[in-house]
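> Let me see the structure of the following:
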Amino acid sequence: MSRIIKVSLPFLAGVLFAAFLMGTFNMFREANAQPGYQPNMEQALGNLHAARINLEVSSPDKGGHRVQALELVNQAITQVRLGINFAE
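Purely as a prediction, here's the structure:
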């Protein structure tokens, strides 16, 4: 059973204009980004630091899994930093 959704022309024009503006904004943002700046890698690094803090303050009785997770997060932090430095 198909349903047809009726959309007014002004609404559709507004949605298309908003999509155009967002695309234009992203294009200029990417063009003006600093060379070597990697927002996704920087965000990943911040998330890994937050994960490390959460693991450090959690209760220690996790059957060794918390300790192993801390080691893996530290390795991931090192790898992300190496990746950022490699791309610069």
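
> which residues sit against stretch 78-88?
By C-beta atoms under 8 Å, 6 or more residues apart in numbering, the residues outside stretch 78-88 that reach it are 35, 36, 38, 41, 42, 44, 45, 48. C-beta: built from backbone N, CA, C; applies to glycine.

> can you give me the offset of the host helix or strand of residue 82 from its chain's centre?
For residue 82, the element it lies in under DSSP states H and E is helix 65-87. Relative to its chain's centre, helix 65-87 lies at 16 Å (C-alpha atoms, centre = their mean, to the nearest Å).

> Number of residues surrounding residue 38?
With neighbours defined by other C-beta atoms under 10 Å, the count for residue 38 comes to 16.

> residues contacting it?
In this structure, residue 38 makes contact with 84, 87, judged by C-beta under 8 Å, 6+ apart.

> Please enumerate the helices of this structure.
9-32, 39-57, 65-87 (DSSP state H).

> got TSV for these, with mean neighbour count and mean pLDDT too?
Formatted as TSV, these follow (neighbours: other C-beta atoms under 10 Å; pLDDT from 0 to 100):
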stretch	mean neighbour count	mean pLDDT
helix 9-32	10	67
helix 39-57	13	94
helix 65-87	13	93
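
> now residue 68: how far from residue 19?
45 Å (C-beta to C-beta, to the nearest Å).

> I should have written residue 88 there, sorry.
33 Å.

> if we can go back for a sec, next, the angle helix 39-57 makes with the helix holding residue 82.
160 degrees (axes from the mean of the first three to the mean of the last three C-alpha atoms, to 10 degrees).

> What are the phi and psi values at residue 59?
When quoted as degrees, to the nearest 10, the phi and psi of residue 59 stand at phi -60, psi 140.

> tally of neighbours for it?
Neighbour tally, residue 59, other C-beta under 10 Å: 6.

> from here on, count from 614
Renumbered: residue one is now 614, and that last one reads residue 672.

> Need the pLDDT of it.
Here the pLDDT value assigned to residue 672 is 88.

> Equivalent analysis for residue 621, please.
70.
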